[in-house]
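**Student:** Can you look at this prediction? I've put the sequence above it.
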Amino acid sequence: MPAAHWLLLIAAAFGAGVLNAIAGGGSFLTFPALVFTGLPPIMANATSAVAVSPGYLGSALGFRTELAALPRERLVREGLVCALGGVCGALLLLVTPAKVFSAAVPWLLLFATVLFAVGPRLVAARARRGAGEVHPVAQGLGLFVVAVYGGYFNGGLGILLMALYTLTGESRVHTANALKNLNSLVLSLLSVAAFAWAGAIHWPSALVMMVAATVGGFAGARLARRLPAATVRATVVVTGLVMAAVFFLRQ
């Protein structure tokens, strides 16, 4: 592979780690970069999932203060749901044509972005009506569906998770960000194991990008914790709209 291609992959992975820590959508950088270097789309998608997965570790470590303040039972419960969903999504990718799901991706991203943008107003409206908390079963089902999506495609996973947590009543944006990064790590590790088992990963590219994504994820988490909540929220919304527009144009 030419040196310019390696530099492109390293830059894309570092940028993906930063973007995933702040807003999500890092796969939008890694997937096109891998396709540009000549990998088939399915292999590029699987390799991209491997590349960004360690970045979630760096991001989760950057939010360890927020995670330590949450009940351990919640972290374990959500981790198990995401692990199961990630495996199901990865297996779905390996046995079905990618075109079927790719057609729905821009609509799903647009919906998730709008949902995240209006989430605080919806939560406030629910509070004014005296509505109770979202039922844990409903929240778990929503988390499972998002995890399946993450195992299958991964693009925009962070935005979907942020939208889910906002809609279900998590008003602390940094806590939602911490949960997003931890659960993204869990489901990515399980989906990566499925891709590795199927031989769908280009390991030379994946290993180099994993290092760059980890560094980017840690740097991004430190940056996200210092940014005002409004800035983080605006970054998520802008990223989601840009990603949705690009995927619409690709159809």
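**Tutor:** In hand now; what should we look at?

**Student:** Now residue 70: phi and psi?
**Tutor:** Dihedral angles phi and psi of residue 70 (degrees, to the nearest 10) take the values phi -90, psi 150.

**Student:** Surely it touches residue 176?
**Tutor:** No - using Cβ atoms under 8 Å, residue 70 is not in contact with residue 176; the gap is 11.0 Å. Every residue, glycine included, has its C-beta placed from N, CA and C.

**Student:** where are the low-confidence patches of this structure?
**Tutor:** 23-24, 98, 119-120, 122-134 (pLDDT under 70).

**Student:** tell me the helices in it, going along the chain?
**Tutor:** Ranges of helices within the chain are 3-22, 27-36, 41-62, 64-68, 72-95, 98-102, 105-128, 136-152, 157-167, 173-198, 203-226, 229-250, based on DSSP state H.

**Student:** could you dump those to JSON lines with mean neighbour count?
**Tutor:** Formatted as JSON lines, the helices of the chain follow (neighbours: other Cβ atoms under 10 Å):
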{"stretch": "helix 3-22", "mean neighbour count": "22"}
{"stretch": "helix 27-36", "mean neighbour count": "23"}
{"stretch": "helix 41-62", "mean neighbour count": "26"}
{"stretch": "helix 64-68", "mean neighbour count": "13"}
{"stretch": "helix 72-95", "mean neighbour count": "18"}
{"stretch": "helix 98-102", "mean neighbour count": "13"}
{"stretch": "helix 105-128", "mean neighbour count": "17"}
{"stretch": "helix 136-152", "mean neighbour count": "20"}
{"stretch": "helix 157-167", "mean neighbour count": "27"}
{"stretch": "helix 173-198", "mean neighbour count": "23"}
{"stretch": "helix 203-226", "mean neighbour count": "21"}
{"stretch": "helix 229-250", "mean neighbour count": "17"}
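
**Student:** Now do the residue nearest to residue 247 when sequence neighbours are not counted against residue 222, distance only.
**Tutor:** Excluding the flanking residues, the one nearest residue 247 by Cβ to Cβ, 6 or more residues apart in numbering is residue 106, at 3.7 Å. With distances taken as Cβ to Cβ, to the nearest Å, residue 106 is found 31 Å from residue 222.
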